[in-house]
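**Q** Okay, here's the prediction I keep looking at, along with the sequence it came from:
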Amino acid sequence: MLTLSRIRKAYGGRVLFDGVSLHVGARERVALVGPNGAGKTTLFEMIAGRLSPDDGDVLVQKGVVVGYLPQEIIELKGRTILQEVLSVSAAVNGIEHRMTVLQAEMAEASDDELEALLAEYGELQHRFEALGGYNIESRAREILSGLGFRPEALDRPTDHLSGGWLMRVSLAKLLLQNPDLLLLDEPTNHLDLESVVWLEGFLAAYPGSVLLISHDREFMNHLVSRVVEVDQGQLIAYPGNYDEYLEAREAAKELLMASYANQQKRIQEVQLFVERFRSKATKARQVQSRVKMLEKMDRIKIPPARKKIRFGFPQPPRSGREVVELTGVRKAYPGRVIYDRLDLIVTRGQRVALVGPNGAGKSTLLKMLAGVLPPDGGTITYGQNVTIAYYAQHQLESLDPKATVIEEITAAAPDQDIPFLRGILGAFLFSGDEVKKRVAVLSGGEKSRLALAKMLVRPANFLLLDEPTNHLDIPSRDVLEAALLEYTGTMCFITHDRHFIQAVANTVLEVNGGTATVYPDGYEYYLDKKAAQAAAAAGATKGSVPSPAPASAAPDVGPARATGKSREQRRREAEERARRSVQTKPLKTRLDLLERELGEQGRELEQLTSSLGEPDFYQDKRRFFEAMERHAHLQKSIDRLTSEWGELQERYDTLMREANGTE
């Protein structure tokens, strides 16, 4: 289907490829992997015919149609979403128009003309059916639904869609075209988790071949049967999925290092022989033979180590046990209610992954938690000492394209020393003169790294992350995962990367139908519960008595999994829980009271401190001395309450750890 033969491509003095070859057969699923800037997208551009190789051949089998989804956003205007997707079916539309004309001609044709018209109509009808003309609109709707578009949105114009939604429209157009070879450059970057799973299933059943660039390891693990590594100007193919590729690459690296060590040992032995016997006439022939051998030896080269992000989140100050509480929260957009009377509590140390169908309100909830989007009703209350850092995709767009990297991070922390800021940038691979790069010339991955670096300038104990892995390559994602696992604060995040959720989340919050259901034991537990619910629903459908639950109903988490414990065991556990409750309840009550008092006194202290900065305040001596006395009293009281709160919190945490069996 596709053959690349001895391809060479260079830009200036930099050689991207030098004599590389690749073959892609029918119905193959192949992933291109490698560091950012290795040339993966350039390779796609050459296959798609947008670029020409400097040397070598790109050979596409005759009749094969190539479809390409690039990373850059294509502006789409003047049509509705459905019309834009259907616009790719030009051949179908042309045949349908000709069939309509023939129908009119046949109605008025003579007997002599009718036979020829019927023959042409029959041929067109056959082609129309083969191209899927009779169900093309339903297929378009199905694809758009799988990619997250609601049915009522399909008649809206594309003019005001965001970049992410425009990419989904472009992907839908490409999938509807049904090309023989799909070239997909980061197809999951702008999708939510449910759309990624749908696309994975669609591509698994796709009749053509798929060549993709991706940083989503689970997507590749479930889909591809071959991985081609692009690095140091070479293409190295490994059979299997991404995890199998990692194992094979590691084995190949160990073999290379062993071969290199053996060769270096042999070289040293030969060089020692040459040096030892160079001046002896009786050994001249042997010396010359070994010199020639060294000259002809094909030296094994060790590839240079790749640069890696090196960072850890600054460990933040300790927050209160309850980080944020939502009570009766309501949020609606014109014509649609997202949340109505939502109650939710996030506690210290939780790493919460927000999941749920597209449009359910995950980003809306994250924005409300971050304080950038106010609720229409209800209250959002933050706990003691909570500080927030918010990372969202729009922050990449808000970077000043005219500013340099160092200027951007300095603007985020003008009071920090330049060496400190350079240190953070260096951890994100901006070293030396790279800090003087303009934002306008940065790649998507570089912009993501800069936005993350800006977030880290000031330590916060409540992180809110919206798709933090977008545009990051897999090694960078691994480092981010490791840093988040070491982070001692609290976080809520949205991502379509299932491996990232599995690695980081200890709690899953499913948002659906205006509700938020907590799954407390991580992603595997969430998947198990969803599978059990699906099986139960399937069983209920087969029976005649149970009626199906409404689509918006929240999943039933249930109080506990079946354990098969004896009655005596359950009785003892119940008694133990009751005993723990007796011990912890008064502590919890006192902690809540202390946190409220600290919050009230802290706000009063801030108001007094602000008043002391006003020049007119000092004109009234009586008011001044009363304020100073109150300021000193509050300061002592806050110190005393904070000390008591810390001691009680330690006792409470110890009891809870004992109750959970973690000590």
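**A** Thanks, I have the structure now.

**Q** Apart from its neighbours in sequence, what residue is nearest H222?
**A** In this structure, H222 finds its nearest non-sequential neighbour in E200, 5.5 Å apart by C-beta to C-beta, 6 or more residues apart in numbering. For glycine as for every other residue, the C-beta is placed from the backbone atoms N, C-alpha and C.

**Q** what do you get for R79?
**A** Per C-beta to C-beta, 6+ apart, closest to R79 is T158, 6.1 Å.

**Q** for that neighbour, what are its contacts?
**A** Counting by C-beta atoms under 8 Å, 6 or more residues apart in numbering, T158 makes contact with L76, K77, G78, R79, T80, I81, E84, L166, V169.

**Q** outside of the strand or helix carrying the last one, which residues touch it?
**A** Translated: V169. For V169, the host element (DSSP states H and E) is helix 163-177. Helix 163-177 is contacted from outside by 65, 67-69, 73-76, 81, 84-89, 136, 139-140, 143-144, 147-149, 158, 161, 182, 184, 187, 189-191, 195, 199, 202, 393, using C-beta under 8 Å, 6+ apart.

**Q** Quick check: can you name the pairing partners of the helix or strand just after that helix and their directions?
**A** Using DSSP H and E, the helix or strand that follows helix 163-177 in sequence is strand 181-185. Its sheet considered, strand 181-185 pairs with strand 66-69 (parallel), strand 209-213 (parallel) by DSSP bridges.

**Q** Flag the shaky bits of this structure, pLDDT-wise.
**A** The chain contains residues with pLDDT under 70 at 90-91, 130-131, 309, 311, 313, 393-395, 541-583, 609-625, 628, 657-663.

**Q** so where does the residue sitting nearest the centre point of it fall, helix or strand?
**A** For the chain, T469 is the residue whose C-alpha lies nearest the centre (C-alpha atoms, centre = their mean; 3.9 Å). Per DSSP H and E, T469 falls between elements, in no helix or strand.

**Q** Contact partners for it?
**A** Per C-beta under 8 Å, 6+ apart, neighbours of T469: H215, R477, L480, T495, D497, F500.

**Q** What of Q649?
**A** So Q649 contacts R321, L591 (C-beta under 8 Å, 6+ apart).

**Q** Of all the residues in the strand or helix carrying it, which ones are buried?
**A** Assessed by DSSP H and E, Q649 sits inside helix 621-659. By neighbour count on 16 or more other C-beta atoms under 10 Å, the buried set for helix 621-659 is A627, H631, L634, I638, L641, W645, L648, Q649, Y652, L655, M656, A659.

**Q** Next, work out how far apart the residue nearest to the centre of the chain and E408 are.
**A** To E408, T469 is 21 Å away according to C-beta to C-beta, to the nearest Å.

**Q** from the buried residues of helix 621-659, which single one is nearest M257?
**A** When the buried residues of helix 621-659 are ranked by distance to M257 (C-beta to C-beta), M656 comes first, at 48.3 Å.

**Q** just to revisit the earlier point, and the residue nearest to the centre of the chain, backbone torsions?
**A** Backbone torsions for T469, taken as degrees, to the nearest 10, come to phi -90, psi -10.

**Q** And G377, by the same measure?
**A** Dihedral angles (degrees, to the nearest 10) for G377: phi -160, psi 170.

**Q** What about it, how many residues nearby?
**A** 14 (other C-beta atoms under 10 Å).

**Q** so what's it closest to, chain neighbours aside?
**A** Among residues not flanking G377 along the chain, R330 sits closest, at 3.7 Å (C-beta to C-beta, 6+ apart).

**Q** list the buried ones in stretch 588-604?
**A** K588, L591, L594, E595, L598, G599, Q601, G602.

**Q** Surely V230 is within a strand?
**A** Yes: under DSSP: H, G, I helix; E, B strand; the rest coil, V230 falls within a strand.

**Q** count of neighbours near the nearest residue to it once chain neighbours are set aside?
**A** Spatial nearest neighbour of V230, chain neighbours left out: G34 (3.7 Å); criterion: C-beta to C-beta, 6+ apart. Neighbour count of G34, defined by other C-beta under 10 Å: 21.

**Q** do the same with the one 3 residues further on
**A** Here the count is done by other C-beta under 10 Å, and G37 has 14 residues near it.

**Q** Please apply the same query to I236.
**A** I236 sits with 16 neighbouring residues when counted by other C-beta under 10 Å.

**Q** Identify the residues contacting the spatially closest residue to it that is not a sequence neighbour.
**A** Spatial nearest neighbour of I236, excluding adjacent residues (C-beta to C-beta, 6+ apart): E229 at 4.6 Å. Contact analysis of E229 by C-beta under 8 Å, 6+ apart lists V33, G34, L235, I236, A237, Y238, Y245, R249.

**Q** And whichever helix or strand A503 is part of, what does it pack against?
**A** Of the helices and strands defined by DSSP H and E, A503 is found in helix 498-504. Secondary-structure packing of helix 498-504 (3 or more C-beta pairs under 8 Å, 6 or more residues apart in numbering; DSSP states H and E): helix 193-204, helix 217-223, strand 351-355, helix 474-486, helix 522-542.

**Q** OK, contacts around the residue nearest to D57 when sequence neighbours are not counted?
**A** Closest residue to D57 in three dimensions, ignoring its sequence neighbours and counting by C-beta to C-beta, 6+ apart: S5, at 4.6 Å. S5 makes contact with S21, G56, D57, V58, L59, according to C-beta under 8 Å, 6+ apart.
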